[in-house]
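Undergrad: predicted structure and sequence below. I'll ask about it afterward.
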Amino acid sequence: MGAVYGYVRVSSTDQNEDRQTIAMKDMGVADDHIFVDKQSGKDFERPQYRRLLARLKPGDLIYVLSIDRLGRDYEEIQSQWKILTQTIGIDICVLDMPLLDTRNGKDLLGTFIADLVLQILSFVAQSERENIRKRQAEGIAAAQIRGVKFGRPEKRIPDDFDKIVNEWQEKRLPLSEVLKQCDMSEATFYRRLKKYRSLCDSNNSISVK
């Protein structure tokens, strides 16, 4: 029998992988054979998964808690499953779906059933990913309607911004000092300057009328 590995994935760094790692240890997987990625399952360009892939040899076994921990893209899951089981020649056991254990049912009927279950579950995994993205987009849109702003708050300009700008334009103040007094990067300064000038032009237009 070959080496036994466990693959664990959570979608972000603030999610807890303990439930998956405990499941791997319950199956007898050694700590140094458990590979953990903390990123999206949209593709397989994940550092720990690539490390695991490089170590695999024919006859090895990988445990994964559920198919969506392996990935969430229908075609990618199908492709990786073939690479693992056919090209490399390892076995995969999906713990929460006993039918997806390539050690069992290696005859034609068993393979057909496993392939069918894999297609259904990988389709469900992708559908769930798309639903999550849709819910996120709907949530952002609803929040924007309520006036919630996303991203970093805009850097506040100093009260004497007009004075600083005038001194800079008259070459009495170097740009480095301007940036220091405004506590801004050069790009932010020019962006705020453009907005400031536009606002001044608008106010002048109103006063003339």
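TA: In hand now; what should we look at? Numbering: from 1, shown residues only.

Undergrad: and this structure, what are its domains?
TA: According to automatic domain parsing, the chain comprises the domains 4-143, 161-208.

Undergrad: which one of those domains has the most crowded surroundings?
TA: domain 4-143 (a mean of 16; mean count of other C-beta atoms under 10 Å). In short, each C-beta sits where N, CA and C put it, glycine included.

Undergrad: measure it end to end?
TA: Length of domain 4-143, first residue to last, C-alpha to C-alpha, to the nearest Å: 46 Å.

Undergrad: next one: that domain to chain centre, how far?
TA: 16 Å (C-alpha atoms, centre = their mean, to the nearest Å).

Undergrad: which residues of the chain fall in strands?
TA: Listed in chain order, the strands of the chain (DSSP state E) span 4-10, 34-38, 61-64, 91-94.

Undergrad: among these, which is nearest Arg72?
TA: Arg72 lies closest to strand 4-10 among the strands of the chain, at 9.6 Å (C-beta to C-beta).

Undergrad: circling back to that earlier point, which one of the strands of the chain lies nearest to Thr188?
TA: Nearest of the strands of the chain (C-beta to C-beta): strand 34-38, 31.5 Å.

Undergrad: quick one: strands adjacent to the closest one?
TA: Paired with strand 34-38 in the same sheet, following DSSP bridges, are strand 4-10 (parallel).

Undergrad: coming back round to it: for Arg172, which of the strands of the chain is the nearest?
TA: Closest among the strands of the chain, using C-beta to C-beta: strand 34-38, at 51.9 Å.

Undergrad: ok, and what's touching that closest one?
TA: Residues from elsewhere that reach strand 34-38 (C-beta atoms under 8 Å, 6 or more residues apart in numbering): 5-13, 15, 17, 21, 24-25, 46-49, 51-52.

Undergrad: before we move on, back to that, ranking the strands of the chain by mean pLDDT, which is last?
TA: Of all the strands of the chain, strand 91-94 carries the lowest average pLDDT, namely a mean of 91.

Undergrad: which helices and strands sit right next to it?
TA: With contacts taken as 3 or more C-beta pairs under 8 Å, 6 or more residues apart in numbering; DSSP states H and E, strand 91-94 sits against strand 61-64.

Undergrad: now, which of the contacts of strand 34-38 lie within helices?
TA: Within the contacts of strand 34-38, residues falling in helices by DSSP state H are 21, 24-25, 47-49, 51-52.

Undergrad: adding distance to Arg69, write those residues out as CSV.
TA: Shown next, in CSV, are those (distance: C-beta to C-beta, whole Å):
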residue, distance to Arg69
Thr21, 11
Met24, 11
Lys25, 15
Pro47, 16
Gln48, 12
Tyr49, 11
Arg51, 16
Leu52, 13
